[in-house]
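>>> Predicted structure and sequence below. I'll ask about it afterward.
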Amino acid sequence: MKNIYFLSIISFLSIGIANAQAKISLGLKGGLNIPNLRMNSSNPVIDGFKTYASGYYGIVLENGLSERWSLLNEVNYSTVGITKNGNQVIPRSAYKNLKIGLNSFKNLYADFYSKVNVNYVEVPLMLKYYVYQDENWNFFINGGPFMSVMTKSSVKTDGYDYVYTDAKHTNKLFDIKLILTQEQDLMDRLEPVDFGFKGGFGATLKGDIGELFIAASANLGLLNMQTDPGDGANKTRAATISIGYLFHISQKKTDND
């Protein structure tokens, strides 16, 4: 099944190469997912989680369509990381197979620390428009759809507390504290593929063989990440800032718009 996903990525990327009409540029970029973006949700399982800084790397292929328009292909490797410390819901998948009647409770609560990592290979296909150009600088906006494939996911928790059946911690499930420290793989609890939209803006500094660029972007997935509704229901979202360099492979001339 994973081979099918990666073949889809290769086919998706080849669209950009086939449509090259003008200059072609190829480069690398690296950056960070922006931390402290809070999830505000009516679903208590995911409410209050925050993103944390994590790496973001990619290969960029830009195909010029005209003087101002380009087709922008990327293959990015990113980590979507969220964390929470304090009172929170224990995901249902952590105890649903225990045959002690816990599934009769809507939610179970405790004070503990949790950290979730989800790694993706992300392939956006975007249009890029240069809103301003001069001899030294370009300023641009870009946007379009993306597809991503999950490669790895895990959750780490750390805590030692009573388990409660209510968010205010008034009703104990057991009269003893439980060790809530563990590390688990989440590959079977999350959807392996995601689709959505990505957009951003940035600036480039022109050089003799290419251009240095800095960009900010954001994406929003359209599919729920979790396979079990008891683990919440949220979509991927991330904001990133990156820096990179594009080398001009071809300098074919185009007519002005």
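Sure thing, it's come through.

>>> Tell me, how many residues neighbour the closest residue to Gly159 other than its chain neighbours?
Leaving aside its sequence neighbours, Gly159 sits nearest to Phe112 (CB to CB, 6 or more residues apart in numbering; 2.6 Å). Using the backbone N, CA and C atoms, a C-beta is placed for each residue, glycine as well. Phe112: 22 surrounding residues under other CB atoms under 10 Å.

>>> do the same with Tyr95
By the measure other CB under 10 Å, the count of residues near Tyr95 is 15.

>>> about what we covered before: show me what contacts the residue nearest to Gly159?
85, 88, 157-161, 180 (CB atoms under 8 Å, 6 or more residues apart in numbering).

>>> Distance from the chain centre to the helix or strand that Leu26 is a member of, please.
Assessed by DSSP states H and E, Leu26 sits inside strand 24-33. Centre-to-centre, strand 24-33 and its host chain are 16 Å apart (CA atoms, centre = their mean, to the nearest Å).

>>> residues of that strand that come out buried?
24-27, 29, 31-33 (16 or more other CB atoms under 10 Å).

>>> What about the contacts of Phe112, which are in strands?
Residues of the contacts of Phe112 located in strands (DSSP state E): 85, 88, 157-158, 160-161.

>>> Pick out the most distant pair among these.
Gln88 and Tyr160 (14.6 Å; CB to CB).

>>> between the two, which one's more packed in?
Higher neighbour count among Gln88 and Tyr160: Gln88, with 23 against 12, using other CB under 10 Å.

>>> buried stuff in the strand or helix carrying the residue nearest to Gly159?
Secondary structure assignment for Phe112, by DSSP H and E: strand 109-133. For strand 109-133, the neighbour count (16+ other CB under 10 Å) marks 109-112, 114-126, 128-130 as buried.

>>> Are any of the contacts of Phe112 buried, and if so which?
Of the contacts of Phe112, these count as buried by 16+ other CB under 10 Å: 88, 157, 159, 180.

>>> Closest one to Asp231 out of the residues you listed, please.
Taking CB to CB as the measure, Asp231 lies nearest Gln88 of these, at 12.2 Å.

>>> Could you tell me the model confidence score at that closest one?
You'll see Gln88 listed with a pLDDT of 93.

>>> what residues are up against it?
By CB under 8 Å, 6+ apart, the residues touching Gln88 are 44, 48, 109-112, 114.

>>> for the residue with the largest distance to the centre of the chain, phi and psi?
When distances to the mean C-alpha position of the chain are computed (CA atoms, centre = their mean), the maximum falls on Asp175, with 40.0 Å. Main-chain torsions, Asp175, degrees, to the nearest 10: phi -90, psi 30.

>>> now the one 5 residues further on
Backbone torsions of Leu180, given as degrees, to the nearest 10, read phi -110, psi 20.

>>> measure it to Val89 for me?
12 Å (CB to CB, to the nearest Å).

>>> right, and Trp69 touches Gln133 too?
No. In this structure, Trp69 is not within contact of Gln133 by CB atoms under 8 Å, at 12.0 Å.

>>> Give me the distance between Gly202 and Lys23.
Gly202 is 18 Å from Lys23, by CB to CB.

>>> quick one: low-confidence parts of the stretch 101-250 of the chain?
101-103 (pLDDT under 70).

>>> tell me the contacts of the residue farthest from the centre of the chain?
Counted by CB under 8 Å, 6+ apart, Asp175 has contacts Tyr162.

>>> need the helices for the stretch 1-150 of the chain, in chain order.
In the stretch 1-150 of the chain, the helices defined using DSSP state H, counting those that start in this stretch lie at 2-18.

>>> Any idea what the closest residue to Ser250 other than its chain neighbours is bridged to?
Once flanking residues are discounted, Ser250 sits nearest to Ile24: 4.2 Å by CB to CB, 6+ apart. Note on Ile24: beta-bridge partners by DSSP bridges are Asn63, Ser250.

>>> so Ile24 makes contact with Ile249?
Yes. The pair Ile24 / Ile249 is scored as a contact, 4.6 Å apart, by CB under 8 Å.
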